[in-house]
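Student: fold the following, please.
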Amino acid sequence: MSWLSDHINLIGLIGAAIILFLTIAVGWFYINKMRTETNTGELTSHSWDGIREFSNDVPIGYLLALFGVTLWSIWYILLGYPLNSYSQIGEYNEESQEYSRKFDSIYANLDSEKLKLMGEQIFLVQCAQCHGITAEGIDGKAQNLTHWGKLDGIMDTIRYGSSGLKNNEGEEYGGMPEGLLSEEKDIQALAHYVMKEIVGDTKVSYDDELVKYGNELYHGDGTCFSCHGDNGEGIEGVGPSLQDYGKTDFLANVLKYGKKGSIGFMPSFEYLGFSNKEIEALQSFIASRHKIQ
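Tutor: Next comes the predicted model:
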């Protein structure tokens, strides 16, 4: 009977026994009452299809049950599970975190190709249903991840806006409307500046003239810096950090809280308990995706 050492199992067993006892007792009481009860008492004026009801007081048993349930609920919230007792969910979370730490230590030294392969396997199982096996978003049904962390991704955000990001407390904040810039040259220049000077991308060569012009646009009258900060570091409760764009921390936030966008809603994947290495691997794979011609 070691399973009774689990508080949840013990409370469940006691509850089941009480319910069974009360069911039998109440059933027996009313069966006997049907045998002996007479139709005496004061009838109400309410009638339905010729049937009238007695004007009876609330049964004492009902009041006692209500009182008992109220007391139990107060105990449950203040003294019992989940605030002050063993939690199966809590134990599961602790075990998951421990396994994640072990997983990270085992695969700590993966080379870039093996890391990308791990990310591909995760992507095909968890992400491809919406984003497609090529990560192109299945004709606009989901975000095109071949733009993720790249110049095209910044330009898409400038054109179409962005919303649904959440802070570390899970509270949605910010929201960039579409169409802040309409001229294609302005969009390209701002994207070049953000990717080179704020994100710090070194994989691509950026046009210095566009970067210079983008700097002017970024720090113009309320264009970008007023929400994202002078250096793209973000402003709490106003706009997210652009320095994290296309990086593991940014992806981890989206996986944890989900994201609501103009296309649809991506749910949270926190229940999967991704380890840090798995998120890094997924980021590595997504960053390697390019549009298939």
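
Student: mind checking the longest helix of the chain?
Tutor: helix 7-36 (DSSP state H).

Student: which residues touch the helix or strand that that helix is followed by?
Tutor: Next in sequence after helix 7-36, counting helices and strands by DSSP states H and E, comes strand 43-48. Residues from elsewhere that reach strand 43-48 (CB atoms under 8 Å, 6 or more residues apart in numbering): 52-55. All C-beta spots, glycine's among them, are computed from the backbone N, C-alpha and C.

Student: list the pairing partners of whichever helix or strand comes after strand 43-48 within its sheet, with orientation.
Tutor: As assigned by DSSP H and E, the chain's next helix or strand after strand 43-48 is strand 51-54. Strand 51-54 has its sheet partners listed here by DSSP bridges as strand 43-48 (antiparallel).

Student: put the alpha carbons of the strand it pairs with into CSV.
Tutor: Presented in CSV, the C-alpha positions along strand 43-48 are these (Å, rounded to 0.1, in the frame of the first residue of the first chain):
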residue,chain,number,x,y,z
LEU,A,43,-48.7,23.7,-1.6
THR,A,44,-47.4,26.7,-3.5
SER,A,45,-49.5,28.6,-6.0
HIS,A,46,-47.0,27.7,-8.8
SER,A,47,-48.4,25.1,-11.1
TRP,A,48,-47.0,23.4,-14.2
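
Student: distance from the chain centre to it, please.
Tutor: Here strand 43-48 is found 53 Å from its chain centre; the criterion is CA atoms, centre = their mean, to the nearest Å.

Student: can you check stretch 166-186 too?
Tutor: Centroid separation for stretch 166-186 versus its chain: 20 Å, with CA atoms, centre = their mean.

Student: next, the distance between the ends of it.
Tutor: Using CA to CA, to the nearest Å, the end-to-end distance of stretch 166-186 comes to 28 Å.

Student: shaky segments in the protein?
Tutor: 1-4, 39, 80-87, 222, 262, 291-293 (pLDDT under 70).

Student: that one: helices as residue ranges?
Tutor: Using DSSP H, helices in the chain cover 7-36, 60-78, 88-106, 112-126, 128-131, 151-160, 184-193, 208-218, 225-228, 248-257, 276-287.

Student: quick one: distance of the last one to the chain centre.
Tutor: In terms of CA atoms, centre = their mean, the centre of helix 276-287 is set 19 Å apart from its chain centre.

Student: kindly report the same for the second one.
Tutor: In this view, helix 60-78 has its centroid 34 Å away from the chain centroid, taken as CA atoms, centre = their mean.

Student: shouldn't residue 107 be in contact with residue 277?
Tutor: Yes: with contact defined as CB atoms under 8 Å, residue 107 reaches residue 277; the gap is 5.2 Å.

Student: which neighbours do the two have in common?
Tutor: Counting by CB under 8 Å, 6+ apart, the residues touching both residue 107 and residue 277 are residue 118.

Student: next, the angle helix 60-78 makes with the longest helix of the chain.
Tutor: Interaxial angle, helix 7-36 versus helix 60-78 (axes from the mean of the first three to the mean of the last three CA atoms, to 10 degrees): 170 degrees.
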